[in-house]
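Asks: sequence plus the predicted model coming up.
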Amino acid sequence: MQINPFVFRNYDIRGEAGKDFDVKKMEAIGKAFGTFLRRRKILQAVVGRDCRLSGREYLPAFTKGLLSTGVDIIDLGMIMTQMMYYAQYRYQTNGGAIMTASHNPWNFNGFKLGVGYSETTMEDDVQEIREYVEKENFFQAPKPGRVTKKNVRADYINDLHKRLEIKKKFKLVVDSRHGTTGLFLEEIFGRSGAKVIGKNLKVDGHFPKGTPDPTDEKYMKNLGGEVIKEKADLGFAFDGDGDRLGVVDSKGRILWNDVLVAIFAKEILGRFPKSKIIYNTLCSQIVREVIKKEGGTPIIWRTGHSFIKDKIATERAAFGGELSGHFFFADNAYGHDDGCYAALRVMEYLSEKKMSLADLYDTFPKYISSPEIKIGCPDDKKKAVIKGLSIKFKKDFKGAQITDDSIIPGDDGVRADFKDGMMVFRYSQNGPYITVKFEAKDQATYEKRRIYTRDLLKSYSDMIWQDQLCVNLDILQK
């Protein structure tokens, strides 16, 4: 069966519903995943979906294919991604699948696939599944698998709170932007004793207020305004499937998630001195500065939740995080990304230190920093664009410290570090777009880097400046 090969990405499967996927293709992916699991002697999998409308039709087709290989399914219903990971522990199975397209627009869908406790597929795994689909080389069981329905909600929320001790009753604004998290946020944060002011919690797979993506400045600015209006202590925003987080303080200021990586690193290093901390190439120099100041070892690594999790395990690191809002705690948690747990950890840390997030933020180094900017670029063009762009970039900044695939094997971009900030260009692993970020210590230098970035990208005809996948483009179009 032929499926757009670009939907088989470096660590998950993701594409456009109705264009890249239909019911037959989803059934074939289910058969392929079942074949993949059986080769590893995994005969059971937990399965769920987020709130995307296409999931209503696609998930039954996927499970039909999976069952045909003899794999038993524990059906979790509509859940957040981290609940799929948790359910692997709860029901003692290595297999897992959640149908989601994370922070992509409403008309996208796909899968994050579990192949071990808190572990997800890597590049070779995804390509193996792709090969099974294309060759229709599926295991056919003499007897189909069985389906058991389970509601993991109560156990998951109980497990969250048994790992935390939050000593202050916070006033919070939480915004799901109509994503799947709206089903769970009030109970999760209410359990901590917080006064929870919910915004856009009614689940709607059309995402009528815009895609739930905590890297979107408009989403976060709106949350900041609500926090000021409600005189709340802080605000939390989430992506469509709940494994990513965004935060604003009581002054309505956005703490981009590289700052949050630094905050978590400081907290971790206070308890585990000299630990290794993993962060991705999109993160501000703040992260490296704070880790070094606190006596830790900073390790910059490839963007992507599967890659960061793998690096944390390889290095035996205490913590890792990404600008996108994925955070991985290896101390008192399972090591997978969970936006709700990360938010509760913020609250716990502030209650321990008896300080506000605004006051804590003011103690950190300051950079004028862009948000994560996403510009459309076709999947079959984006690698060539970044390759060409990297050559020019390195010529233009010969005195900078360059991080690319010669430093991080398999990396998908190029980063330049200066004495006063950084710039980074990379292509996305999970969509047809390119991501950029830049920062500086002063406004004049920031403006030069902004104009350089804009002009460099404008020189490539393959860039798509009006696309539903574009985020924060107004930063470059000022």
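Replies: All right, it came through fine.

Asks: need the contact list for the nearest residue to residue 312 once chain neighbours are set aside.
Replies: Once flanking residues are discounted, residue 312 sits nearest to residue 320: 4.5 Å by C-beta to C-beta, 6 or more residues apart in numbering. Quick note: C-beta positions are derived from backbone N, CA and C, even for glycine. Going by C-beta atoms under 8 Å, 6 or more residues apart in numbering, residue 320 touches 277, 278, 279, 301, 308, 309, 311, 312, 327, 328, 330.

Asks: need these in a markdown table with distance to residue 32, can you?
Replies: As requested, the contacts of residue 320 are exported to a markdown table (distance: C-beta to C-beta, whole Å):
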| residue | distance to residue 32 |
| --- | --- |
| 277 | 36 |
| 278 | 31 |
| 279 | 33 |
| 301 | 29 |
| 308 | 26 |
| 309 | 23 |
| 311 | 27 |
| 312 | 28 |
| 327 | 31 |
| 328 | 28 |
| 330 | 31 |
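
Asks: next step: those residues restricted to strands.
Replies: Mapping these onto strands (DSSP state E) picks out 277, 278, 279, 301, 327, 328.

Asks: could you give me the ChimeraX selection string for whichever of those are buried?
Replies: Filtering the ones in strands among the contacts of residue 320 down to the buried ones (16 or more other C-beta atoms under 10 Å) takes a single ChimeraX command:
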select :277,278,279,301,327,328
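
Asks: quick check: the farthest pair among the ones in strands among the contacts of residue 320?
Replies: Spatially, the most separated pair among the ones in strands among the contacts of residue 320 is 301 and 327, at 14.2 Å (C-beta to C-beta).

Asks: ok so, going back, and of the ones in strands among the contacts of residue 320, the nearest to residue 36?
Replies: For the ones in strands among the contacts of residue 320, the nearest to residue 36 is residue 328 (24.0 Å; C-beta to C-beta).

Asks: and the closest residue to the closest one other than its chain neighbours, what element?
Replies: Closest residue in space to residue 328, ignoring its immediate chain neighbours: residue 320 at 4.4 Å, by C-beta to C-beta, 6+ apart. Using DSSP states H and E, residue 320 sits within strand 319-321.

Asks: surely residue 152 is in contact with residue 88?
Replies: No. With contact defined as C-beta atoms under 8 Å, residue 152 does not count as touching residue 88 (10.2 Å).

Asks: tell me which of the two has more neighbours.
Replies: A count of neighbours by other C-beta atoms under 10 Å puts residue 88 above the other of residue 152 and residue 88, at 24 against 20.

Asks: from residue 307, how far off is that one?
Replies: Distance, residue 88 to residue 307, using C-beta to C-beta, to the nearest Å: 20 Å.

Asks: okay, and the beta partners of residue 329?
Replies: Beta-bridge pairing of residue 329 under DSSP bridges involves residue 319.

Asks: reformat the ones in strands among the contacts of residue 320 as TSV; add distance to residue 100.
Replies: Shown next, in TSV, are the ones in strands among the contacts of residue 320 (distance: C-beta to C-beta, whole Å):
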residue	distance to residue 100
277	27
278	24
279	24
301	23
327	18
328	18
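
Asks: between the ones in strands among the contacts of residue 320, which sits nearest residue 61?
Replies: Lowest distance from residue 61 to those (C-beta to C-beta) belongs to residue 328, with 31.8 Å.

Asks: pretty sure the closest one contacts residue 311?
Replies: No. Using C-beta under 8 Å, residue 328 and residue 311 do not qualify as a contacting pair, with a distance of 9.6 Å.

Asks: please enumerate the shared neighbours of these two.
Replies: By C-beta under 8 Å, 6+ apart, residue 328 and residue 311 have these common neighbours: 278, 320.

Asks: pLDDT below threshold where in the stretch 201-350 of the chain?
Replies: Within the stretch 201-350 of the chain, not a single segment meets pLDDT under 70.

Asks: quick one, strands of it?
Replies: Listed in chain order, the strands of the stretch 201-350 of the chain (DSSP state E, counting those that start in this stretch) span 234-238, 245-249, 254-255, 276-280, 297-301, 319-321, 327-329.

Asks: got the domain ranges for this structure?
Replies: In terms of domains, the chain is parsed into 5-151, 170-253, 256-335, 368-475 (source: automatic domain parsing).
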